[in-house]
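Q: Just a sequence and a predicted model for now, questions to come.
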Amino acid sequence: MPRRKLEDVLPPDGRSIRNVPIRRERNKDIVPPSISHGDDSSVRSSVPVLAPQEPVMKDALRDETYIEQMEEVREENERPPASGRGRYGKRNVSGRFVLWGFVGVAVLFLIFSVLLLFTGATVTVVLKEVPATLDGNFTAGTTQGKDALVYEVMTVSDTRQKEISATGREQVDTKASGTIIVYNAFSETGQRLIKNTRFESPDGRIYRIDSSVVVPGYTKNSDGSTVPGSIEVVVYADFPGEDYNADMLDFTIPGLKNDPREELMYARSKTAMIGGFSGVRNVADKKDVESAREALRKELRDSALVEATAQVPEGYILFNDATAVTFESVPERASGSDIVVVEEKIIVHGILFNVETLGAFIARELIPDFDGGTVVITNIDSLDFSINEKNAGRIAEGEDISIAFSGTPHIRWMLDEEALKADLAGTAKEDVNAVLKFYPAIEEAKVVIRPFWKGYFPDRPNRIKIIEKAS
């Protein structure tokens, strides 16, 4: 039923029907009516009859006020009960308990889900480390052996030139020269080329190396393809004269004809063949030439050693004194009518040690009961190294050399983290020691498993984290 709306009309003096008093009197007198029987006598009825009185609502204003009050009573009855109480003011205890119980279960479920989401384990290990004192002479070579100290040769070369003023003319016979790159796609081991090995151009011109070299073996890419080993060398023409000057060329090695290496060892030019001359040309004062060469050698030495250090492969070390430097003086050549070009070439042979191999060698030398585990020298850069008889030719050819080490190496055992994770996956926490006994590199370990009530490691190794700490 639609609600009836009432509006007050207020007179100018502020009076309102809301201020009209409502009489709430009860009828006090009940007068029995008289019943006439046609004579003067009268009989009083037993049915009570209300005595005449004023109407409760004397006018329309009172009627409207009554209706309005009834509406207010109805609204009060229809108003919803206060929170926690029923319709008649009683507290709704059971409903509140159900609500809070539902909220509590939801919170516990959320916490449990979050803990499961971050399930994992952390193992903090202290690795075994032994300080030692090293001071002695050793023999190193390129031949692999069980207890051998093995080194590898790295070669870096560079060429620079300087122009000086000519002071005269004279008969000159010089051979052309240039730098080539020799490739080895034949084997994974280095291949030696002896002094005066020939390299032949497509048109039959012959160039030779003036010292023995070892061409590194090939490597494999991740896709299985072969990357030939290579080395840069300087070659010289067989005869003087401008006929041997040439642009970039490809070379074969005649000495390998009918050999399995014939197609798999070859060379290509890195620079043009220049300097070949036979005849009269401009020359410079010998003192000026020597001064220019000394300046070029200093520049070449500084830059080549920096370049050698930058080219050290990951996992190897090149000590400060582990290089042998040689210079090659390219014959002077005339440029124009009054200029002589002086050119110098540097070749740096560096001795590289594999960090793990060197660490194992030192551990065997200094620790009587060494267990043969994988170790590393944590302060390897601080060791003093020297070559007792520095011979560039012997180093270039990979022959045995005498070296010296001194210092206080810190020998630390290495941990195979991936193997440890795989062994711990799914293991009960109380069985950790049974796993760790197979890892002698670990001196002590602390295990934290999440959530805290789980008593075993996650089944997936990638949810196990290993943190290494020094002892």
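A: Here it is on my side, so go on. Numbers count the residues shown, from 1 in each chain.
Q: going forward, measure contacts and count neighbours with C-alpha atoms only.
A: Will do.
Q: Phi first, then psi, for residue 260.
A: Here is the backbone geometry of residue 260 (degrees, to the nearest 10): phi -60, psi -20.
Q: for the protein, what are the low-confidence residue spans?
A: 1-97, 108-118, 392-393 (pLDDT under 70).
Q: ok, now with 50
A: For the chain, applying pLDDT under 50 flags the ranges 1, 6, 25-31, 33-47, 49-51, 53, 56-57, 84, 86-88.
Q: and it, what are its domains?
A: 17-78, 118-128+413-470, 135-167+284-406, 172-274 (automatic domain parsing).
Q: Quote the end-to-end distance of the last one.
A: For domain 172-274, the separation between the terminal residues is 15 Å (C-alpha to C-alpha, to the nearest Å).
Q: okay if I get the domains of the chain as CSV plus mean neighbour count?
A: Formatted as CSV, those follow (neighbours: other C-alpha atoms under 10 Å):
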stretch, mean neighbour count
domain 17-78, 11
domain 118-128+413-470, 16
domain 135-167+284-406, 17
domain 172-274, 18
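Q: Export those domains as TSV, with columns for distance to residue 106.
A: Below are these laid out as TSV (distance: least, C-alpha to C-alpha, whole Å):
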stretch	distance to residue 106
domain 17-78	34
domain 118-128+413-470	19
domain 135-167+284-406	52
domain 172-274	51
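Q: Please enumerate the strands of the stretch 51-200 of the chain.
A: In the stretch 51-200 of the chain, the strands defined using DSSP state E, counting those that start in this stretch lie at 120-127, 129-131, 134-141, 149-150, 152-165, 168-184, 191-193, 198-200.
Q: so which of those gets nearest residue 303?
A: Across the strands of the stretch 51-200 of the chain, residue 303 has its closest neighbour in strand 152-165 (8.7 Å, C-alpha to C-alpha).
Q: which strands and helices sit next to the closest one?
A: strand 229-240, helix 286-310, strand 339-354 (3 or more C-alpha pairs under 8 Å, 6 or more residues apart in numbering; DSSP states H and E).
Q: Kindly state which of these is positioned closest to residue 147.
A: That would be strand 339-354 among the helices and strands packed on strand 152-165, by C-alpha to C-alpha, at 13.9 Å.
Q: what is the orientation angle of the closest one with strand 152-165?
A: 170 degrees (axes from the mean of the first three to the mean of the last three C-alpha atoms, to 10 degrees).
Q: other SSEs contacting strand 339-354?
A: strand 152-165, strand 277-283, helix 286-310, strand 316-317, strand 323-335, helix 392-396.
Q: try 6 Å this time
A: strand 152-165, strand 316-317, strand 323-335 (3 or more C-alpha pairs under 6 Å, 6 or more residues apart in numbering; DSSP states H and E).
Q: Please verify my assumption that residue 317 contacts residue 353.
A: Yes - at 5.5 Å, residue 317 counts as touching residue 353 under the criterion of C-alpha atoms under 6 Å.
Q: Save the strands of the stretch 51-200 of the chain as a markdown table, and put in distance to residue 254 too.
A: Formatted as a markdown table, the strands of the stretch 51-200 of the chain follow (distance: least, C-alpha to C-alpha, whole Å):
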| stretch | distance to residue 254 |
| --- | --- |
| strand 120-127 | 56 |
| strand 129-131 | 54 |
| strand 134-141 | 30 |
| strand 149-150 | 32 |
| strand 152-165 | 24 |
| strand 168-184 | 14 |
| strand 191-193 | 12 |
| strand 198-200 | 7 |
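Q: so which of those comes closest to residue 450?
A: Ranking these by distance to residue 450, with C-alpha to C-alpha as the measure, places strand 120-127 first at 5.2 Å.
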